[in-house]
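**Student:** Just need the structure, nothing else, for what follows:
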Amino acid sequence: MSMTVQSTRDSCGGGSAFGALLCLPRPLTALGLGLLIALAPAGGVDAQELPGMPGSATEESTPSQEPTSAEGITARRAAVSSEFQTVDAEIAKADSANAEYLSEIRERLRTIDSLLDQQAILASPEAGRVHESKPEGPDEVSPYALHALYEAQFAREQAARQLTQELAERRDALASAKERFDEAERNRRRALSELAQAEDVAREAAERTVRLRDLASRIAQEEVHLSTLEVRGAERARDVDADRAEFAERIEAIRQQLARGERQVSAGVAALAQREGELRRSVESMERLLATAELRLTTAKNRFSQQTEPSTQLLQEIEVLGARRDAIRQEIALAEAQLKRLDDQRIVWERWDALLQGRSPSDELDAWEAEANDRIDALRQAELQRKDRAADLTRRLEAIEGKLSGLAQDSRLRPALEEQRDTLRRLHAAMLAEVASLSADQRLTDRLLDDIHDETGHIDFLEYVSRGAGAVRDVWTYEITAVNDSPITVGSLVLALVFFSVGLWASRRGSGLVGRIAEDRFKLDAGAAHGLQTLSFYALLVGFTLLALRVIHFPLTAFTVLGGALAIGIGFGSQNVMNNFISGLILMLERPVR
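**Tutor:** Reported below is the predicted structural model:
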């Protein structure tokens, strides 16, 4: 008799309800265990009721504590630590046949402990403290300070969109974790039922299965708790944010001051001059690097031409040096393009400054608008080209890293490859910075264009379409409410109504088709065909209603309480209505009275 089975028999009369059940005759054991499982709450039978199993650390053992609170997590961590000690003691006494099983137990406990560590970090007071962001910008009255406020507002809106997307992803992860937990609970209850019906020879294996599945259920439950904490953190980060009205107030105040001529000497002019000086010094430095690279490439080519039997390694070195020279040339071209764009940017600043101060020449506004549109198109094309080149540089860097990993440390080609890698990394960073700069330049020109439109009253058709599409998108994605962490937006509600309307129409057409088929093909009388048509209509309508609720991600488990209340209401207050309804269906199907 195994040690586990012996411990099971020893539990008879030990005060454990589960142990007492196991000591009954097998038919009574199965019946009692079935009742125990059916009457158990969602968390199932506590693990400590099982023979040979350490105490469970689930929240059922501490009903006064919220499972995602710091206190509840601490209590479960202490319980898992105690289980570790128990399992370690079992491993020390176990033979080779039980060592693998106990090692798996310990590994699952380690997974639970890791999930609890992550929960403890998210449930700490520091994690729940979210600081509000405030509008930041230079404390001056100038177009540059106004642009800085616009950029801060844009960055905040981008962060808010990212947080909204992250929240949706966290909610999806929480729904998946709940589904995994439900599946694990079903497996655990199935194992308990199999344990109650197991013979003596198979009882030890059934007890092991129950213990493993209980741990699997606890892991799934801790994943649900972790996802819940992540959703709460994302909600706090999204909800606790700077007031948009504060940005609008500061922007409007600076615009009014500029319109009154209260313009200060701005640091923006100095910043443009400083940026120009940095770019020119960078070009000079890179031109010196280019000269050195050209010299090294020429020397390598001369060595290659003087060899009677040119080596493959020298040929590869020439190729690497040529690639490095080309990369330096691209850096120089990129810096020169930025210098050229600074000149165009000064013109944009001057024109925007004139518009903000109300001294723009009205006869030149149409020309300014055309030039601004052309500049935006050119900037977009340049941004797309820079993104493509950045992606190409990423692939080239990955290829160089692959070559370096296959070279020996003393290879002559390694220094040249490392120099090429460093050059490409620098070029890649510059390319990404250029993409961000082009995007900011587009936004600056867009603001100039908006003020030109406000001055002239000209808003083209595409601008109307863009603004209308943005407004519709905002309304479509507006969150009305959330049920069990599932957001219900205006768009999902509209889709649900459309699905329900289409389902109502399809239910009527489908039930009518069923009635005609029953009467014509199956030769049923008119009453039976009409009754079958009515039943099919209700069945189709319920199906389409459930589909519409699924479209808006409405959890059907929310109908559990509603269904119970409806059943009580029907049982006490609507007996006559339901009697008449069912009697009507019987009369339609059987038609004893004409």
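
**Student:** Select the helix or strand of the protein having the lowest average pLDDT value.
**Tutor:** The helix or strand of the chain with the poorest confidence is helix 3-10; it has a mean of 41 (mean pLDDT, DSSP states H and E).

**Student:** so what's the nearest residue to Arg412 once chain neighbours are set aside up against?
**Tutor:** Nearest residue to Arg412, sequence neighbours excluded (Cβ to Cβ, 6 or more residues apart in numbering): Gln313, at 6.1 Å. Quick note: C-beta positions are derived from backbone N, CA and C, even for glycine. Residues in contact with Gln313 (Cβ atoms under 8 Å, 6 or more residues apart in numbering) are Ser411, Arg412, Leu413.

**Student:** Which of these scores worst on pLDDT?
**Tutor:** Within the contacts of Gln313, Arg412 has the lowest pLDDT, namely 75.

**Student:** That one: neighbour count?
**Tutor:** A count of nearby residues for Arg412, using other Cβ atoms under 10 Å, gives 13.

**Student:** Gly406 now?
**Tutor:** Other residues within reach of Gly406, judged by other Cβ under 10 Å, total 7.

**Student:** can you check Arg359 too?
**Tutor:** Counted with other Cβ under 10 Å, Arg359 comes out at 9.

**Student:** got it, and Ala184?
**Tutor:** Neighbour count for Ala184, taken as other Cβ under 10 Å: 21.

**Student:** remind me, longest helix of this structure?
**Tutor:** The residue-count maximum for a helix in the chain (DSSP state H) belongs to helix 143-197.

**Student:** The following helix or strand past it - what's its average pLDDT?
**Tutor:** Going down the chain from helix 143-197, the next helix or strand is helix 200-239, by DSSP states H and E. The average pLDDT for helix 200-239 rounds to 87.

**Student:** between helix 200-239 and helix 143-197, how many degrees?
**Tutor:** If you take axes from the mean of the first three to the mean of the last three Cα atoms, to 10 degrees, helix 200-239 sits at 160 degrees to helix 143-197.

**Student:** And the next helix or strand past helix 200-239?
**Tutor:** Going down the chain from helix 200-239, the next helix or strand is helix 244-259, by DSSP H and E.

**Student:** ok, back up a step: name the helix or strand for the residue nearest to Arg412, please.
**Tutor:** Using DSSP H and E, Gln313 maps to helix 312-356.

**Student:** Then Ala75?
**Tutor:** With DSSP H and E as the criterion, Ala75 is inside helix 70-93.

**Student:** which helices and strands sit right next to the helix or strand that that helix is followed by?
**Tutor:** Using DSSP H and E, the helix or strand that follows helix 70-93 towards the C-terminus is helix 96-123. Helix 96-123 sits against helix 70-93, helix 200-239, with contacts defined as 3 or more Cβ pairs under 8 Å, 6 or more residues apart in numbering; DSSP states H and E.

**Student:** about what we covered before: and the longest helix of the chain, what does it pack onto?
**Tutor:** In terms of contacts (3+ Cβ pairs under 8 Å, 6+ apart), helix 143-197 is packed against helix 26-39, helix 200-239, helix 244-259, helix 267-306, helix 312-356, helix 413-456, strand 486-489.

**Student:** redo that, cut-off 7 Å
**Tutor:** In this structure, helix 143-197 makes packing contacts with helix 26-39, helix 200-239, helix 244-259, helix 312-356, helix 413-456, strand 486-489, judged by 3 or more Cβ pairs under 7 Å, 6 or more residues apart in numbering; DSSP states H and E.

**Student:** tell me the angle of that helix relative to helix 312-356?
**Tutor:** Using the same axes, to 10 degrees: helix 143-197 against helix 312-356 is 120 degrees.

**Student:** hmm, back to that, could you pull up the mean pLDDT of the next helix-or-strand element following the helix holding Gln313?
**Tutor:** As assigned by DSSP H and E, the chain's next helix or strand after helix 312-356 is helix 365-405. For helix 365-405, the mean pLDDT works out to 89.

**Student:** Residue ranges in the stretch 451-594 of the chain under the pLDDT threshold?
**Tutor:** 457-464, 467, 482-486, 553-567, 569-574, 585, 587-594 (pLDDT under 70).

**Student:** How about the stretch 101-250 of the chain?
**Tutor:** Counting by pLDDT under 70, the stretch 101-250 of the chain contains low-confidence residues at 126-140, 237-245.

**Student:** Columns distance to Glu319 on top of the contacts of Gln313, output as JSON lines?
**Tutor:** Shown next, in JSON lines, are the contacts of Gln313 (distance: Cβ to Cβ, whole Å):
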{"residue": "Ser411", "distance to Glu319": "15"}
{"residue": "Arg412", "distance to Glu319": "14"}
{"residue": "Leu413", "distance to Glu319": "10"}
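
**Student:** What are the contacting residues of stretch 248-257?
**Tutor:** Stretch 248-257 has contacts (Cβ atoms under 7 Å, 6 or more residues apart in numbering) with Pro135, Val141, Ala145, Leu146, Leu149, Tyr150, Leu356.

**Student:** Burial check on the fourth one, number of neighbours?
**Tutor:** Read that as Leu146. Other residues near Leu146 come to 26 when the count uses other Cβ under 10 Å.

**Student:** how about the nearest residue to it, chain neighbours excluded?
**Tutor:** Nearest to Leu146 is Ile254, by Cβ to Cβ, 6+ apart, at 4.8 Å.

**Student:** circling back to that earlier point, specify the stretch among the helices and strands packed on helix 96-123 that is closest to Ala300.
**Tutor:** helix 200-239 (54.7 Å; Cβ to Cβ).

**Student:** Distance from the chain centre to that closest one, please.
**Tutor:** Put simply, helix 200-239 sits 21 Å off its chain's centre (Cα atoms, centre = their mean, to the nearest Å).

**Student:** same question, stretch 174-183
**Tutor:** Computed by Cα atoms, centre = their mean, the chain-centroid distance of stretch 174-183 equals 16 Å.

**Student:** for stretch 529-539, same thing?
**Tutor:** 44 Å.

**Student:** Same check on stretch 439-451?
**Tutor:** 31 Å.

**Student:** ok, and which of the helices and strands packed on helix 96-123 has the densest surroundings?
**Tutor:** With neighbours defined as mean count of other Cβ atoms under 10 Å, those peak in mean count at helix 200-239, which reaches a mean of 20.
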